[in-house]
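Peer 1: Sequence below, structure please.
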Amino acid sequence: MDLNMQSAVVPVTGAASGIGLAICKRLRVEGAIPLLLDFNEQRLEATVREVYPDDATAPRYGYVVDVRDSKAMDACFLKIKRDHGAATHAVANAGILIGGHVLEITDEQWHQVMDVNLHGALYFCRAAARQMAEAKRGSIVAMGSLAGLRAKESRTSYASSKAAVINMTRAFALDLGKFGIRVNAVAPGLIETPMRKEKPASILQAEIDKVPLGRLGTADDVAKVVLFLLSDMAGYITGETIVTDGGLMARYL
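Peer 2: Just a heads-up that it's a prediction; the model follows:
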């Protein structure tokens, strides 16, 4: 299967761990040039070398940037263009989760989540789209969540931010279609993470029992869907959100 990603320049936020790292590894296998964006400089340096283990120039593929800073994001994309050429594809993956009952969540916590998950996604996607618009082609994928389609107790800020990202994806798709740019989102369900694996075995099993496929998803499960949406295989798909949850959302109750 030819995904036509050879030499594609693909900035990815939140790339120093988890799903972001899995996406970069998948892109590298397909011959793309994943560019790793993260705010954690120390972790980013190690991760870049993991993605580019045999490249003495590996550090040039990593960019330390805070997605909450609009000007810093614009400057980062100018540097990317100088270093590697204009972005051809992009993945807005960075996100945080701060739980809290709606009666207890603070203004600060609400803004923390929105600044990273929503505003950060906007700044990143907008900067990427500006470069793609000049070339009249491109593909952007934003990381949504099942929480953006279904609610859960004590997840007001996170669910709201991801719902906004999903609809922002649709709006971007409408604005950018005339430039040949596709914009889609992925909505992962229960994904295996170090934090989830630390839960008591009974709670973890109860979560797994809810999933029709009988297991948690992996970061690579999500990365494969992202790669498909970025590629020419999804050439007539835009404004969509692909749920990647092992059938979890298919259940009525």
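Peer 1: Tell me the secondary structure of residue 115, please.
Peer 2: Here residue 115 is recorded as helix under DSSP: H, G, I helix; E, B strand; the rest coil.
Peer 1: And it, what's its pLDDT?
Peer 2: For residue 115, the pLDDT comes out at 98.
Peer 1: and it, what does it touch?
Peer 2: Residues counted as contacts of residue 115 (C-beta atoms under 8 Å, 6 or more residues apart in numbering) are residue 68. Bear in mind the C-beta positions are built from the backbone N, C-alpha and C, glycine included.
Peer 1: Please tell me how far it sits from residue 108.
Peer 2: Residue 115 sits 10 Å away from residue 108, taking C-beta to C-beta, to the nearest Å as the criterion.
Peer 1: Could you pull out the helices in this structure for me?
Peer 2: 18-29, 41-51, 70-84, 107-114, 120-135, 156-176, 194-197, 201-209, 219-230 (DSSP state H).
Peer 1: With respect to residue 248, which of these lies nearest?
Peer 2: Proximity to residue 248 (C-beta to C-beta) singles out helix 201-209 among the helices of the chain, at 9.4 Å.
Peer 1: got the contact list for that closest one?
Peer 2: Contacts of helix 201-209 (C-beta under 8 Å, 6+ apart): 190, 196, 197, 199, 214, 215, 216.
Peer 1: thinking again about what came up before, check the helices of the chain for me: which has the lowest mean pLDDT.
Peer 2: Among those, helix 194-197 has the lowest mean pLDDT, at a mean of 76.
Peer 1: can you give me how far it is from the chain middle?
Peer 2: Taking C-alpha atoms, centre = their mean, to the nearest Å, the mean C-alpha location of helix 194-197 is offset from the chain mean by 19 Å.
Peer 1: what does it contact?
Peer 2: Around helix 194-197, the neighbours that count as contacts under C-beta under 8 Å, 6+ apart are 190, 204, 207, 216.
Peer 1: Which members of those residues define the maximum pairwise distance?
Peer 2: By the measure C-beta to C-beta, 190 and 204 form the most distant pair in the contacts of helix 194-197, at 9.7 Å.
Peer 1: which ones are touching the spatially most central residue of the chain?
Peer 2: The C-alpha lying nearest the average C-alpha coordinate of the chain belongs to residue 93 (C-alpha atoms, centre = their mean; 2.1 Å). Residue 93 sits next to 12, 13, 14, 15, 19, 20, 23, 143 when contact means C-beta under 8 Å, 6+ apart.
Peer 1: again, but for residue 10
Peer 2: Contacts for residue 10 (C-beta under 8 Å, 6+ apart) come out as 27, 32, 33, 34, 35, 87, 88, 89, 90, 91, 230.
Peer 1: is it true that the fourth one touches residue 23?
Peer 2: It stands for residue 34. Yes: with contact defined as C-beta atoms under 8 Å, residue 34 reaches residue 23; the gap is 7.2 Å.
Peer 1: Buried residues, stretch 111-118. List them.
Peer 2: Residues of stretch 111-118 classed as buried: 113, 114, 115, 116, 117, 118 (neighbour count, 16 or more other C-beta atoms under 10 Å).
Peer 1: Ignore what I typed, I meant stretch 186-198.
Peer 2: Neighbour-count burial for stretch 186-198 [16+ other C-beta under 10 Å]: 186, 187, 188, 189, 190, 191, 192.
Peer 1: Mind listing the residues bridging to the nearest residue to residue 169 once chain neighbours are set aside?
Peer 2: Excluding the flanking residues, the one nearest residue 169 by C-beta to C-beta, 6 or more residues apart in numbering is residue 185, at 4.2 Å. Assessed by DSSP bridges, residue 185 has beta-bridge partners residue 142, residue 241.
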